[in-house]
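Peer 1: no letters, just coordinates:
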């Protein structure tokens, strides 16, 4: 199961309370050598793309740990059905020992709705963890705010969600998967809040609409990267 669903499975199984501790990451700016070697690597790897504007993230969990140097590049957005926009994001990692960059194995997919013609990238696009048809994805994105409001009633009756139900969640990712012991696959919407709380709402399609079926909540186990924080 994808990351959002896997995390909630851990919570449901009774993950240790210590795992919920939020540890802020230490950060620094990339060095000149790290930036120069990245641009040299990228131009060689993607010679036809000269407009890339990488975003660098240099982090470590504590003072004694090694710095993890990452770069992300957003590819040009593509228009889908009607208001739907899609974008690919490639992540790169830097090996300090060799001074070499390498691309990640997975290309991340992001989506959003935009009435403008250019598909301008929003500050926080929604990550798509499993491909969906444009018609379904457009409907889910259009209805996600209403789905969250309806799901707050489900949260009120869930001991893990009750304390989070009034928080200002923002949609972070969309997945598809089964809920609990059920074999029925539904759309799973993962919401996050600045308080480091996660809520996943499973939605069932009824005609052209989606209705919340179940919800699960928990504190974020792994510290978020800067680009993933609401």
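Peer 2: Sure, I can see it. Here the structure is a predicted model, which means the values were calculated and not measured.
Peer 1: remind me which residues of the protein are low pLDDT?
Peer 2: Applying pLDDT under 70 to the chain flags the ranges 1-23, 180-181, 219-230.
Peer 1: which stretches in it count as strands?
Peer 2: Applying DSSP state E to the chain gives strands spanning 26-28, 55-60, 68-74, 78-79, 84-95, 100-103, 108-113, 126-128, 170-178, 185-192, 197-206, 209-219.
Peer 1: strand partners of the fourth one, parallel vs antiparallel please.
Peer 2: Sheet pairing of strand 78-79 (DSSP bridges) gives strand 84-95 (antiparallel).
Peer 1: for the strand it pairs with, which positions count as buried?
Peer 2: By neighbour count on 16 or more other C-beta atoms under 10 Å, the buried set for strand 84-95 is 84, 85, 86, 87, 89, 90, 91, 92, 94. For every residue, glycine as well, the C-beta is placed using N, CA and C.
Peer 1: so the residue nearest to residue 122 when sequence neighbours are not counted bridges to which residues?
Peer 2: Spatial nearest neighbour of residue 122, excluding adjacent residues (C-beta to C-beta, 6 or more residues apart in numbering): residue 112 at 5.3 Å. Applying DSSP bridges to residue 112 gives these bridge partners: residue 85.
Peer 1: quick one: contacts for residue 112?
Peer 2: By C-beta atoms under 8 Å, 6 or more residues apart in numbering, residue 112 lies in contact with 85, 121, 122, 125, 126, 141.
Peer 1: do residue 101 as well
Peer 2: Residue 101 sits in contact with 37, 38, 41, 42, 71, 92, 93, 94, 95, where contact means C-beta under 8 Å, 6+ apart.
Peer 1: now the third one: how far from residue 108?
Peer 2: When distances are taken as C-beta to C-beta, to the nearest Å, residue 41 and residue 108 turn out to be 19 Å apart.
Peer 1: now the buried residues of strand 84-95 as TSV including distance to residue 166?
Peer 2: As requested, these are arranged in TSV below (distance: C-beta to C-beta, whole Å):
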residue	distance to residue 166
84	30
85	31
86	33
87	32
89	32
90	37
91	34
92	39
94	41
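Peer 1: which of those sits closest to residue 177?
Peer 2: residue 86 (20.7 Å; C-beta to C-beta).
Peer 1: doesn't residue 111 make contact with that closest one?
Peer 2: Yes: using C-beta atoms under 8 Å, residue 86 is in contact with residue 111, at 5.5 Å.
Peer 1: any residues in contact with both of those two?
Peer 2: Counting by C-beta under 8 Å, 6+ apart, the shared contacts of residue 86 and residue 111 are 80, 128.
Peer 1: on that earlier part again, which among the contacts of residue 112 end up buried?
Peer 2: 85, 121, 125, 126, 141.
Peer 1: list the contacts of the last one.
Peer 2: Going back to what we said before, that points to residue 141. Per C-beta under 8 Å, 6+ apart, neighbours of residue 141: 84, 111, 112, 113, 126, 171, 174.
Peer 1: run a quick neighbour tally on the nearest residue to the fourth one once chain neighbours are set aside.
Peer 2: Once its chain neighbours are removed from consideration, residue 113 has its nearest residue in residue 83; the separation is 4.3 Å (C-beta to C-beta, 6+ apart). Residue 83 sits with 15 neighbouring residues when counted by other C-beta atoms under 10 Å.
Peer 1: residue 83 and residue 114: what is the separation?
Peer 2: Distance of residue 83 to residue 114, given as C-beta to C-beta: 6 Å.
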